[in-house]
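Trainee: structure, please.
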Amino acid sequence: MTGATRSRARSATVVSVAFASIILSAPLAQAQSIEQTLVQAYRNNPDLNAARAGVRVANEGVPAALSGYRPSVNATITAAGQYNESSVGASTYVGTGPGSSRAIRSAPRAATLSVTQPLFDGNRTTNSVRQADQNVLAARETLRNAEQTVLLASATAHMNVLREQAVLDLRRRNVEVLREQLRATRDRFNVGEVTRTDVALAESALQAAIAVATGAESDLANARSVYMQQVGVQPARLTPARTIERLLPRNLDAAVIAGQTEHPAIRGARHGADSQLLQVRIAESALYPTLGLSASLTRAAEQSSASGQSVSAAVGMTLTIPIFANGGRDYATIRAAKESYGQRRIQIETAAASVRQAVTQSWAALEASRAQIQAAEVQVRSQDIAVNGIREEYKVGQRTIIDVLNATQTLTEARVALVRAQRDRVVLSYSVLSAMGRLNGSRLALRTEIFDPTTHYNQVRDQWIGVRTPDGR
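Mentor: As a prediction, the model looks like this:
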């Protein structure tokens, strides 16, 4: 095991001292882990639920396309009332009677049952079904991408709340330290050991620290509101989180390869290109002949002075051969579909380049965060020793109040930097997994029911009739 690997293993569960101090005063029953945060987001986030609904919408495209194979049955019923009156004038021929008129009333009725069955439509239906399946696969990748986005945003919101709570705690402690420093400086001023300038410097540092602490309170409120937006509930007492570096590959090259093969943006772009290629085939079907079978049964009845009824049946086949249909529009449609296919192919390259850049960037940032944590830990320890020494030297007149205030401020900022670096490491571990396309509920082993997009697909694929959705709506 290399030194870097050992360092990575040792610090995989690093938790900030400031983070830990936040939850020590709270009952453990009230603490909420990052896993619980992700479970709540997985269940409640509206963007994720909307993406799931989008998958169900895409699933319905498959039975819609399959309808092209199925017969169409229609019943037509007609009823009417008719009145006819005719008159005949006096005849000029010998032997005819005087003029007369005749009225006829009738109520014709008819019922027709017709069935049409397509036999060949230029492979339009076949390609439409294949295209609908590709659209379903693309919708599933869109859902995976949405799931990654939501989980990453929720993990970030969890860690941001922890960070701002820890920073606020440090800022408040700094205020208390400076307040005590001001009190001690005033006492020394009263006995003539320091000047009024020292008192003014101590008071100025205290007020500056109070202003910074007020800003930290605002930052915490903002982080809590973002958490509420992403997760759907107000954050309770949150526990510090571990990194998920155990789920990452050993090196950057392996991470890039995984991203190129598994990221939903790339896979979705590929399905989109396949769907567009099938659209070219669908457009070309307009140039092919079509063949259909039709049958009809009609029963007609007429209620009149000479009422009667009739029954007729017909069976036939229709062959349609396009020669120059729609004024050449079909040819333009085919050419446009081919250009769209080329565009989709380019989008695959764009998605691949974006994923490669995201993996590389997040991996480098994660490596940097490890180094920043180590440096910040050393700085905090050294600066803590320095502050204690400077305060003792100040008491015997070897240091000025400026030295004490500057050293105290440096120590506070070093602790804040350590908190932020530790937060960054956790978030960046999630970012790398997301950039690779592997951030999902299954891989994180979330303790909740994982959404299965194939369930609804299997429920509706071969459904011929019915307006109710599988959930009963």
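
Trainee: what about stretch 416-435, average pLDDT?
Mentor: Average pLDDT, stretch 416-435: 95.

Trainee: next one: stretch 58-78
Mentor: The model assigns stretch 58-78 a mean pLDDT of 93.

Trainee: what about the helices in the stretch 351-473 of the chain?
Mentor: 401-435, 453-460 (DSSP state H, counting those that start in this stretch).

Trainee: which helix or strand lies directly C-terminal to the host helix or strand of His158?
Mentor: His158 is part of helix 124-190 when elements are defined by DSSP states H and E. Once helix 124-190 ends, the next helix or strand along the chain (criterion: DSSP H and E) is helix 196-231.

Trainee: for that following helix, name the packing helices and strands.
Mentor: Of the remaining helices and strands, those touching helix 196-231 by 3 or more CB pairs under 8 Å, 6 or more residues apart in numbering; DSSP states H and E are helix 34-44, helix 124-190, helix 401-435. Every residue, glycine included, has its C-beta placed from N, CA and C.

Trainee: returning to what we had before: now the helix holding His158 against helix 34-44, angle please.
Mentor: 140 degrees (axes from the mean of the first three to the mean of the last three CA atoms, to 10 degrees).

Trainee: relative orientation of helix 124-190 and helix 453-460 in degrees?
Mentor: Using the same axes, to 10 degrees: helix 124-190 against helix 453-460 is 150 degrees.

Trainee: got the angle between helix 124-190 and helix 196-231?
Mentor: 160 degrees.

Trainee: centre of the chain to helix 124-190, how far?
Mentor: 16 Å (CA atoms, centre = their mean, to the nearest Å).

Trainee: what residues are up against the closest residue in space to Thr125 that isn't next to it in sequence?
Mentor: Nearest in space to Thr125, with sequence neighbours left out and distances taken as CB to CB, 6 or more residues apart in numbering, is Gly68 at 3.1 Å. Gly68 is in contact with Pro118, Asp121, Arg124, Thr125, Ser128, Val129, counting by CB atoms under 8 Å, 6 or more residues apart in numbering.

Trainee: pLDDT score assigned to the closest residue to the third one other than its chain neighbours?
Mentor: Beyond its immediate neighbours in the sequence, the residue positioned closest to Arg124 (CB to CB, 6+ apart) is Ser285, lying 3.9 Å away. At Ser285, the predicted lDDT confidence score is 93.

Trainee: please report the distance of Ser285 from Thr298.
Mentor: To Thr298, Ser285 is 32 Å away according to CB to CB, to the nearest Å.

Trainee: more neighbours, those two?
Mentor: Ser285 (19 against 15; other CB atoms under 10 Å).

Trainee: what residues are up against that one?
Mentor: Asp121, Gly122, Asn123, Arg124, Asn127.

Trainee: now the helices and strands packed on helix 196-231 as CSV including mean neighbour count?
Mentor: CSV is the format used below for the helices and strands packed on helix 196-231 (neighbours: other CB atoms under 10 Å):
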stretch, mean neighbour count
helix 34-44, 20
helix 124-190, 21
helix 401-435, 22
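
Trainee: now distance to Gly54 too, for those, in a markdown table please.
Mentor: Below are the helices and strands packed on helix 196-231 laid out as a markdown table (distance: least, CB to CB, whole Å):
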| stretch | distance to Gly54 |
| --- | --- |
| helix 34-44 | 17 |
| helix 124-190 | 6 |
| helix 401-435 | 20 |
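
Trainee: of all the ones you listed, which one is nearest Ile257?
Mentor: helix 401-435 (12.5 Å; CB to CB).

Trainee: now the closest one against helix 124-190, angle please.
Mentor: Using the same axes, to 10 degrees: helix 401-435 against helix 124-190 is 170 degrees.

Trainee: which elements pack onto helix 401-435?
Mentor: Against helix 401-435 (3+ CB pairs under 8 Å, 6+ apart) you get helix 17-23, helix 124-190, helix 196-231, helix 252-262, helix 329-395.

Trainee: at 7 Å instead, please
Mentor: Applying 3 or more CB pairs under 7 Å, 6 or more residues apart in numbering; DSSP states H and E, one finds that helix 401-435 contacts helix 17-23, helix 124-190, helix 196-231, helix 329-395.

Trainee: switch these over to CSV; also include mean pLDDT.
Mentor: Converted to CSV, those look like this (pLDDT from 0 to 100):
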stretch, mean pLDDT
helix 17-23, 46
helix 124-190, 94
helix 196-231, 93
helix 329-395, 94
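
Trainee: identify whichever of those helices lies nearest to Arg443.
Mentor: helix 124-190 (9.9 Å).

Trainee: of all the helices and strands packed on helix 196-231, which one is nearest Val55?
Mentor: Across those, closest to Val55 is helix 124-190 (CB to CB), at 4.7 Å.

Trainee: what's the angle between the closest one and helix 329-395?
Mentor: Counting by the same axes, to 10 degrees, helix 124-190 lies at 20 degrees to helix 329-395.

Trainee: can you state the direction angle for helix 124-190 and helix 252-262?
Mentor: Using the same axes, to 10 degrees: helix 124-190 against helix 252-262 is 140 degrees.

Trainee: what comes up buried for stretch 331-350?
Mentor: Going by neighbour count (16 or more other CB atoms under 10 Å), the buried part of stretch 331-350 is Thr333, Ile334, Ala337, Lys338, Ser340, Tyr341, Arg344, Gln347, Ile348.

Trainee: between those, which sits nearest Ala208?
Mentor: Closest to Ala208 out of these is Gln347 (51.8 Å), distances taken as CB to CB.

Trainee: pretty sure that closest one sits against His271.
Mentor: No - applying CB atoms under 7 Å as the test, Gln347 and His271 come out as separate, 11.4 Å apart.

Trainee: on that earlier part again, so what does the helix holding His158 touch, helix or strand wise?
Mentor: helix 17-23, helix 34-44, helix 46-66, helix 196-231, strand 237-238, helix 264-284, helix 401-435, helix 453-460.

Trainee: reformat the ones you listed as CSV; add distance to Ala139.
Mentor: Below are these laid out as CSV (distance: least, CB to CB, whole Å):
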stretch, distance to Ala139
helix 17-23, 39
helix 34-44, 18
helix 46-66, 4
helix 196-231, 23
strand 237-238, 34
helix 264-284, 8
helix 401-435, 20
helix 453-460, 8
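
Trainee: how many neighbours does Pro249 have?
Mentor: 17.

Trainee: and it, how far from Pro46?
Mentor: Taking CB to CB, one finds Pro249 at 33 Å from Pro46.

Trainee: same thing with Gly441?
Mentor: 17 Å.

Trainee: one more: Arg415?
Mentor: Distance from Arg415 to Pro46, by CB to CB: 37 Å.

Trainee: next one: stretch 451-459 to chain centre, how far?
Mentor: 18 Å.

Trainee: equivalent analysis for stretch 114-125, please.
Mentor: For stretch 114-125, the distance to the chain centre is 38 Å (CA atoms, centre = their mean).
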